[in-house]
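S.K.: for reference, the sequence and a predicted model appear below.
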Amino acid sequence: MTKRFVHVAAGVIKRPDGTFLLASRPEGKPMAGYWEFPGGKIEAGESAAEALQRELHEELGITMQEALPWVTQNFDYTHARVRLHFFQVEQWQGEPQAHEGQQMAWVSPAHHAVEPVLPANAAILRWLALPDQMQVGSAAAECVLLSQLPQQSQRGEVCGVLGPQPLQHWSASDLMLQTVRPAAVSWCGAQVQSHEQLLHAARLGLDYVWADDSVTLAEIQAWCVDGPPLPLFASTHRFPEGLAAARHIGVHGLLR
Ligand SMILES: Nc1nc2c([nH]c(=O)n2[C@@H]2O[C@H](COP(=O)(O)OP(=O)(O)OP(=O)(O)O)[C@@H](O)[C@H]2O)c(=O)[nH]1
Ligand SMILES: [Mg+2]
């Protein structure tokens, strides 16, 4: 018999300097001592955002003011089969406090020096280093990544993570010829024009997809309804109102 999904809402609580909060799972819970994003199970009748609001209040004593939907991940543990709905939380009231005896740490995308983290979160931690604005060169292989963080030092840090490392960016047709993610590259993403291509990119374990100019706003919205399975970039001109409007519906960032 197939196990049913336990739906979970988890929050990447992010400060303006780009650091985010991890917490250790308290004694008595499955996988106690593992580090996770604060959050918990979605209860009957709750939306994922409502569950996150409740959990952040219970676990940390903070009042979430806005949650940006981001990505959704499935994972099979021996104790449960989970579907994790991740949000980015950048506005809240109160100072996070450990209400359940958990340890807490503010970490950065480049250095999250806490171990062990829940296995379902490995990709999530990598993806948090992705900038929210990218630019692709004319040749498919030469992909230039730009960060648009406000301060110079952070810009340097994020580019330092991505810049010198080998990056593979596939066209949509090349993507569909692939059966495995290449081992020798640190970052791997692809252009997509259909939901089928997006799912293929997720199966390969890629780091991002870019919904190119042929993808309509309605399609992007549909792909985001349940959270895309990996960070989704949209074309800049699909969102003339800017990045904030794109992030509001679950798009990770913009690409030009
Ligand atoms: N909160 C949270 N749970 C995660 C993450 N990653 C991940 O695999 N999980 C899994 O999702 C499930 C979340 O359940 P939980 O134990 O936090 O739920 P909860 O806060 O409602 O606790 P409770 O059931 O004791 O009241 C666990 O199976 C946990 O292993 C994550 O980053 N944050
Ligand atoms: Mg929890």
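M.R.: Yep, it's here. Quick caveat: nothing in here was measured; it's all calculated off a predicted structure. Ligands and ions are numbered 1, 2, ... in the order given.

S.K.: of all the residues in the protein, which one is nearest ligand 1?
M.R.: Nearest residue of the chain to ligand 1 (Cβ to the nearest ligand atom) works out as residue 40 at 2.4 Å. (C-beta placed from N, C-alpha, C; glycine too.)

S.K.: for that residue, give me phi and psi.
M.R.: When read as degrees, to the nearest 10, the backbone of residue 40 gives phi 180, psi -170.

S.K.: go on, residue 110?
M.R.: phi -80, psi -30.

S.K.: and what of residue 226?
M.R.: Dihedral angles (degrees, to the nearest 10) for residue 226: phi -100, psi 20.

S.K.: verify the stated contact: it with residue 74.
M.R.: No: the criterion here is Cβ atoms under 8 Å, and residue 226 misses it with residue 74 at 11.1 Å.

S.K.: confirm residue 23 sits in a helix?
M.R.: No: assessed by DSSP: H, G, I helix; E, B strand; the rest coil, residue 23 does not belong to a helix; its assignment is strand.

S.K.: how about the residues of the stretch 101-250 of the chain by ligand 1?
M.R.: By Cβ under 6 Å from any ligand atom, the part of the stretch 101-250 of the chain that sits against ligand 1 consists of 118, 120, 121.

S.K.: wait, isn't the second one in contact with residue 81?
M.R.: No: with contact defined as Cβ under 8 Å, residue 120 and residue 81 do not form a contacting pair (10.7 Å).

S.K.: can you check the pLDDT for residue 99?
M.R.: Model confidence at residue 99, given as pLDDT, is 96.

S.K.: can you tell me which helix or strand of this protein has the lowest average pLDDT?
M.R.: When the helices and strands of the chain are scored by mean pLDDT, DSSP states H and E, helix 152-162 comes last with a mean of 37.

S.K.: now do the next helix or strand after it: which elements does it pack against?
M.R.: Next helix or strand after helix 152-162 toward the C-terminus (DSSP states H and E): strand 167-170. With contacts defined as 3 or more Cβ pairs under 8 Å, 6 or more residues apart in numbering; DSSP states H and E, the packing partners of strand 167-170 are strand 143-146, strand 187-192.

S.K.: any quick PyMOL command for the buried ones out of the residues of the stretch 101-250 of the chain next to ligand 1?
M.R.: To isolate the buried members of those in PyMOL, using 16 or more other Cβ atoms under 10 Å:
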select buried, resi 118+120+121
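
S.K.: nearest to residue 112 among the residues of the stretch 101-250 of the chain next to ligand 1?
M.R.: Relative to residue 112, the closest of these is residue 121; by Cβ to Cβ it sits at 9.6 Å.

S.K.: wait, what's in contact with the closest one?
M.R.: 35, 36, 37 (Cβ atoms under 8 Å, 6 or more residues apart in numbering).

S.K.: going by distance to residue 44, which of the residues of the stretch 101-250 of the chain next to ligand 1 wins?
M.R.: Scanning those for proximity to residue 44, where the rule is Cβ to Cβ, the winner is residue 120, at 22.7 Å.
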